[in-house]
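# Below is the structure, and that's it, no one-letter string:
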């Protein structure tokens, strides 16, 4: 068994995989509560542990406390020039976030096709994964912008007139809550659609409208609705366990 852990900026997600890549157990914790967690019984079944940590010491310290109760070796994942069928075009390759790298690897392993890999969490990342002639997946570039909650917090902190929670999406918002929700979700959708249009102009892609957007992260459903409102024929897939499965593929390659 391989235990994969994705320590993000807000939550820590985990999954236990069998050798055939089937997820046999999973869970998640809010980062603020991570230090109070007891070791899940099923973690003792893990023979290896692989971790993506973008939350820094706030996550690594409590995780190390849990790992001390186990016998399995721990691999802290980092991006590399190439792994598990994907070539990393980031400059330098190791500067790419381990969660983005794992998501790209999972998308390639599962779909074996050009796609946008989008994580809608604390940050919104929109990464272009291209099928090259080898064939292999190749990460050719991507964007980072604030996610839904960061954009909302920025407005609350830097304006005097906005002191409300977001409402709901509306084609013509007539209150501040709906205006916030609609404006922020439109901004997120616009970032994704601009990258989608950019990817279609890349050599060999032409006007390929079949390039899917693979979404993951806590706000994936919110983003899916905004994207389909703007572009109803856009191929959109939600894959909630994308990073965890990518970590599994990375660790399996090390066996």
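Alright, I've got the coordinates. Everything numeric here is computed off the predicted structure, so don't read it as measured data. Residues are numbered from 1 along each chain as shown.

# Which parts of the stretch 1-150 of the chain are strands?
Here the stretch 1-150 of the chain has its strands, by DSSP state E, counting those that start in this stretch, at 2-7, 11-17, 23-30, 48-53, 74-76, 82-83, 86-88, 115-120, 123-131, 137-146.

# Straight-line length of stretch 117-129, end to end?
7 Å (Cα to Cα, to the nearest Å).

# average pLDDT across that stretch?
Taken as a whole, stretch 117-129 has an average pLDDT of 96.

# Can you give the distance from that stretch to the centre of its chain?
6 Å (Cα atoms, centre = their mean, to the nearest Å).

# Next: stretch 49-68.
18 Å.

# which residues touch residue 135?
Residues counted as contacts of residue 135 (Cβ atoms under 8 Å, 6 or more residues apart in numbering) are residue 112. For every residue, glycine as well, the C-beta is placed using N, CA and C.

# what would the strands of the stretch 1-150 of the chain look like in TSV with mean neighbour count and distance to residue 189?
As requested, the strands of the stretch 1-150 of the chain are exported to TSV (neighbours: other Cβ atoms under 10 Å; distance: least, Cβ to Cβ, whole Å):
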stretch	mean neighbour count	distance to residue 189
strand 2-7	27	24
strand 11-17	22	23
strand 23-30	14	25
strand 48-53	23	26
strand 74-76	14	34
strand 82-83	18	31
strand 86-88	22	26
strand 115-120	27	10
strand 123-131	22	10
strand 137-146	19	12
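
# for the ones you listed, which one sits closest to residue 247?
strand 2-7 (3.9 Å; Cβ to Cβ).

# and that closest one, which strands flank it?
strand 11-17 (antiparallel), strand 48-53 (parallel) (DSSP bridges).

# could those go into TSV alongside distance to residue 173?
TSV is the format used below for the strands paired with strand 2-7 (distance: least, Cβ to Cβ, whole Å):
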stretch	distance to residue 173
strand 11-17	29
strand 48-53	37
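
# need those in CSV with mean pLDDT, can you?
CSV is the format used below for the strands paired with strand 2-7 (pLDDT from 0 to 100):
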stretch, mean pLDDT
strand 11-17, 96
strand 48-53, 97
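
# List just the one of the ones you listed that sits closest to residue 120.
Of all those, strand 11-17 sits nearest to residue 120, with 13.1 Å by Cβ to Cβ.
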